[in-house]
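Student: A structural model of the following input is requested.
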Amino acid sequence: MIKIVNHSKKVLDIASKNGWSVGARYTNLRDIKTFKNIAFIDIDWKNYNFKKHLATVKEIRPTMTVARDIENIDDLKSILEEAQILEQYCEYVIVVPKAIELVNQIDMIPERYILGYSVPSKYGKTEIPPESFGNRKVHLLGGRPDVQRNLATIMNVVSADCNRFTLDAGFGDYFVGDKFIPHSKGGYENCINDSILNINKIWDGYNGQKG
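Tutor: Predicted coordinates:
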C-alpha cells in the first residue's frame, strides 16, 4: 500500500525516510523540487484548472494523479476524457466518483482507473458508501489515519494520501494507532516522525485485499 503525504519539505523529508512517497498539489510544487520521484500530483478541486493540472503532470510525470471529482453525473463524459489525456503522462489516474447516481453504476468508470474515495473530513467527503466500490482498486483521499485503515477492511485500498497528522503535530499531539495524544517529548518533528511510524505499524501486513 503506497502511503503519500503532500506537505512542507520538512514533512516530506521525514516521511520519505520512513518509506512514504511524496506528492504535491499542482498549485504548489516548491516543496518537491529536491525529490526525483514524485508519486502523486493532487488537485485544487474547489478551483480546478485542467490546463494548469495537465501542464504540471506533463512536467513532473508522477506515478499517479487525480482527475476532477465527478460531482455531477452530467460531467462524467468530460471528466473521463480529461482522465484519458492525463494518463498519457503518468502511470495511473485516480477518478473520484461523488455523484450519488453512480452508487450502483461504478462500472461506468473504466477499470484501468483507480477509484478515489474522499474520506469524510472538513475538506470534503464521498457520499457513495464504501461497499459500493466492490473490489475495485481504491485510493483514499485525506482523512484521519485510523479511519483510512478501517476503510481498508471494506475497500481494496492500494494507496492513500494523509496530511491530518501534520495538523495535530502543530499542537504537540501525535498519532498512536487509534487516536492523537500529547507527545511526551513534544516538538513538531518528533510528533511528525512518531505519527508516521505508528501509521506504518497499523498498515503492517496489509496486502491490498480488504484486510
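
Student: tell me the contacts of the residue most central in space within the chain?
Tutor: Centroid check for the chain by C-alpha atoms, centre = their mean gives Asp161 as the closest residue, at 3.0 Å. Contacts here follow C-beta atoms under 8 Å, 6 or more residues apart in numbering; on that basis Asp161 touches 3-6, 23, 40, 42, 139-142. Heads up, the C-betas are built off the backbone N, CA and C, glycines and all.

Student: then Tyr206?
Tutor: Here Tyr206 is in contact with 1, 152, 157 (C-beta under 8 Å, 6+ apart).

Student: again, only this time at 7 Å
Tutor: Neighbour list for Tyr206: 1, 152 [criterion: C-beta atoms under 7 Å, 6 or more residues apart in numbering].

Student: what does Val66 give?
Tutor: Counting by C-beta under 7 Å, 6+ apart, Val66 has contacts 42-43, 94, 96, 116.

Student: quick check: closest non-adjacent residue to it.
Tutor: Distances taken as C-beta to C-beta, 6 or more residues apart in numbering put Ile94 closest to Val66, at 4.2 Å, once the chain neighbours are dropped.

Student: neighbours of the one you found, how many?
Tutor: When neighbours are counted by other C-beta atoms under 10 Å, Ile94 registers 26.

Student: repeat for Leu167
Tutor: Residues contacting Leu167 under the criterion other C-beta under 10 Å number 10.

Student: please apply the same query to Val158.
Tutor: Val158: 20 neighbours (other C-beta under 10 Å).

Student: returning to what we had before: you'd agree the residue nearest to Val66 is up against Arg68?
Tutor: No: checked against C-beta atoms under 7 Å, the pair Ile94 and Arg68 is beyond contact range at 10.8 Å.
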